[in-house]
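>>> model this:
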Amino acid sequence: MSQNPNTIFQQIQEMSLKRISTLSYLRKVHDGPAYWYNTLLFTKVDFTKLSYFETKKLARRASNFLVLGLSLPTILDINPSNPVEYLRALNSLLAEFESYQQVHPPEGGSASSLSRARIPQMFKRSAHVSTKGRRTSSATDIGLPLSSIEPGEQKLGINATGPMLPTAASFPASDPDLLPGEEYNYLLTPSLPFDPDFFETFATLCDVLIECYTRVISLIPTPAAVVPGIGDTFAKADARLRKVIFANVVREFEDASRAGAKSEFAGLGKVVLGGLM
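I've put the predicted structure just below:
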């Protein structure tokens, strides 16, 4: 990315607006019925015919998206006036989510036994990394009256050392499917009592991601807010989001729309030729 502040500012603003537009459109298409770029009409029934929406894969994909959606608000609350720290935290969260998806593939199933044996090494922290623990929630977080919390216990996300980041307070503390040593600094991995609805989860995730890009725009309102390294940090975070959200979803719709268009033209050809013969 160019080192010129004006150029970096323009690229960040344009890309953020582009992502916001794409996320809004993807949410609209999933809500259905809607035409995919004015080509093919997709309904909820049509979705069930796409390989991306296979029932056995949809639950895991929805759970993964929910994990990401629950974790993003914690990043939105970190250093709200510091764009560099915000983007670094966002990039770290997305890197952890990539690691999480390697262990818990969105296609369903689990990693191979060999991979599972090696996975714990991925989550070992070096000596210089912050020692803050993995963010979880407890029974005291789930709407209990303050009077029922004993002195010294966590209250409203505040401990003895100061304010803590928000947690997935509505769910049990940790996912029982996590491997030994699988811990994250930014990614919340609560145990879900049931499989979330994919369409509701995806729509909500799109809303949160739109807020993430909107925050970028507000934190970098002018070229004067561009500091060294911010362009590269934004590019890394955006590339990870593009890989996680945009790549598979858009590719699936593009493949389905091409196949549908070919089918429509084939049917039209039979009608035209049938009238001539």
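>>> tell me how many other residues surround Pro223.
14 (other C-beta atoms under 10 Å). Placement of C-beta: from N, CA and C, glycine included.
>>> is it true that it touches Asn6?
Yes: if you go by C-beta atoms under 8 Å, Pro223 and Asn6 touch, sitting 4.8 Å apart.
>>> so for stretch 77-89, what gets flagged as buried?
83-84, 86-89 (16 or more other C-beta atoms under 10 Å).
>>> how about the residue nearest the centre of the chain, nearest residue that isn't a chain neighbour?
For the chain, the residue nearest the mean C-alpha position is Leu68 (4.4 Å; C-alpha atoms, centre = their mean). Among residues not flanking Leu68 along the chain, Phe97 sits closest, at 5.3 Å (C-beta to C-beta, 6 or more residues apart in numbering).
>>> quick one: the one you found from Gly181, how far?
For Phe97, the distance to Gly181 equals 18 Å [C-beta to C-beta, to the nearest Å].
>>> which residue of those two possesses the greater neighbour count?
Set Phe97 next to Gly181 and count neighbours by other C-beta under 10 Å: Phe97 wins out with 22 against 11.
>>> what is the helix or strand hosting that one packed up against?
According to DSSP states H and E, Phe97 maps onto helix 83-103. Using 3 or more C-beta pairs under 8 Å, 6 or more residues apart in numbering; DSSP states H and E as the contact test, the elements touching helix 83-103 are helix 55-76, helix 113-118, helix 198-219, helix 230-241.
>>> weakest of the ones you listed in terms of mean pLDDT?
When those are compared by mean pLDDT, helix 113-118 comes last with a mean of 36.
>>> Leu192: how many residues sit nearby?
17.
>>> for the one 4 residues further on, same thing?
Other residues near Pro196 come to 20 when the count uses other C-beta under 10 Å.
>>> on the three-state scheme, it is what?
coil (DSSP: H, G, I helix; E, B strand; the rest coil).
>>> surely it touches Arg60?
No: counting by C-beta under 8 Å, Pro196 does not reach Arg60; the two are 10.6 Å apart.
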